[in-house]
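Asks: Here you go, sequence then predicted model.
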Amino acid sequence: MARVIVMKDGKQVASGKNLEVLSRYARKHPVTWSQSAPGLLGSPKYGAEGILKVHFKDGAHCTTKFASLDVLRNWLATKRKRSGWR
């Protein structure tokens with residue numbers, strides 16, 4: 001997975017090598033909305049790639065890719081259930 005970067009007002013406010021950065025940031029600044037969407041690329045092994053968009057209460061946002069749209073949707077459903085993400 002590529003580096004995950006959270007941006008606010010055009011500046012980087014958080015970053016990390018995995019999705020933990022989103023969870024850490026969301027503890028201080030709750031998620032106002034999140035969305036999953038299919039990407040433009042895919043592979044025979046994983047199917048369509050997924051794009052995750054997250055917006056936080058303080059105005060920060062993040063967009064990152066998943067190799068599989070199905071994995072993204074399952075991950076996001078779990079976050080919404082356990083962490084109250086919207």
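Replies: Ah, there it is.
Asks: Packing partners of the host helix or strand of Ser15?
Replies: Following DSSP states H and E, one finds Ser15 within strand 11-16. For strand 11-16, the packing partners by 3 or more Cβ pairs under 8 Å, 6 or more residues apart in numbering; DSSP states H and E come out as strand 4-8, helix 20-28. For every residue, glycine as well, the C-beta is placed using N, CA and C.
Asks: did I read that right, Trp75 in a helix?
Replies: Yes - counting by DSSP: H, G, I helix; E, B strand; the rest coil, Trp75 is found in a helix.
Asks: Please list all residues in contact with it.
Replies: 19, 66 (Cβ atoms under 8 Å, 6 or more residues apart in numbering).
Asks: for Thr32, same thing?
Replies: For Thr32, counting by Cβ under 8 Å, 6+ apart, the contacting residues are 55-57, 86.
Asks: about what we covered before: how about the helices and strands packed on strand 11-16, which one is nearest Thr64?
Replies: Among those, strand 4-8 comes nearest to Thr64, with 5.1 Å by Cβ to Cβ.
Asks: Good, wrapping up.
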